[in-house]
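Pasted the sequence and its predicted model underneath.
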Amino acid sequence: MGSPNVSAKFNRLLREQFVKVLISVIRNHTLDKELLELLISSTLSFEDAFDSYFDSKFDLDLIIRRVVETYIEASSIDNSYGVEEYLIGYIRKLLTYHKISFYKITEDFRDEYYYEMFGKHRDEASYYASDTDKEFLSLLGFFNLKTGCSFVQLKNRYKEMLKKFHPDINKDGLEKTKQIIANYKKLQSYFQ
């Protein structure tokens, strides 16, 4: 019976170590403004640009490998049975299935980089559409927002609507919830 608790403790420690190392690597990085600017100009959203920037500047597999090697050494684990490859795969699965949220780990850095690039915070960004941008206007109408609204206003309205129509609260709200999520993702791309 003690084995699952030991395993859970080791899993928690491995996750924590990965997060600490990733934060440390990003914190010690000097922003390449030219590259990020280029990526921003070629993508639909700052989020996509940041992810591409991260992929080009950091080798996530190398970071994972370094964390696992350090973890094995610090924990005095015998690596003769392929433990290292198992743990590397384990961290990759945690990232793939969002058990470790890459977005949450990097959120502060996204904010810092955005501020450094544009001189304002991401949630202060707003989008002003021309009257010809029908999809944008339609999406704003869906969320009952007006042109010139901020990203914070969009996010707040999104949360309000999810609370109202979520299937756990509204038994007939599954389709509406799917529509809210899809429209929010589309509308997000208009905000930089």
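Received the coordinates, thanks.

so what's the residue nearest the centre of the chain scoring on pLDDT?
With distances taken as CA atoms, centre = their mean, Y103 lies nearest the centre of the chain, 2.0 Å away. pLDDT recorded at Y103 is 85.

Tell me how far E175 lies from N28.
In this view, E175 and N28 are 47 Å apart by CB to CB, to the nearest Å. C-beta: built from backbone N, CA, C; applies to glycine.

out of those two, which sits in the busier spot?
Each of E175 and N28 has its neighbours counted (other CB atoms under 10 Å); E175 has more, 10 against 7.

Go ahead and list the helix or strand containing the nearest residue to S75 once chain neighbours are set aside.
Nearest residue to S75, sequence neighbours excluded (CB to CB, 6 or more residues apart in numbering): F10, at 7.0 Å. Assigned by DSSP states H and E, F10 belongs to helix 2-27.

can you pull the buried residues of that helix?
Of the residues in helix 2-27, L14, R15, Q17, F18, V19, V21, L22, V25, I26 count as buried by neighbour count, 16 or more other CB atoms under 10 Å.

One more: stretch 97-109?
Buried residues in stretch 97-109, defined by neighbour count with 16+ other CB under 10 Å: I100, F102, I105, T106, F109.

and the fourth one, what is it in contact with?
If I follow you right, that is T106. Applying CB atoms under 8 Å, 6 or more residues apart in numbering, we find T106 in contact with L22, I26, F50, F54.

Relative to L162, how far out is the residue nearest to the centre of the chain?
Y103 is 18 Å from L162, by CB to CB.

now swap in S76 and tell me
For S76, the distance to L162 - CB to CB - is 47 Å.

More neighbours: the two, which one.
More crowded of S76 and L162, by other CB under 10 Å: L162, with 16 against 6.

Which strand or helix spans the nearest residue to the more buried one once chain neighbours are set aside?
Of all residues not flanking L162 in the chain, I180 sits nearest, at 6.0 Å (CB to CB, 6+ apart). Using DSSP H and E, I180 maps to helix 174-188.
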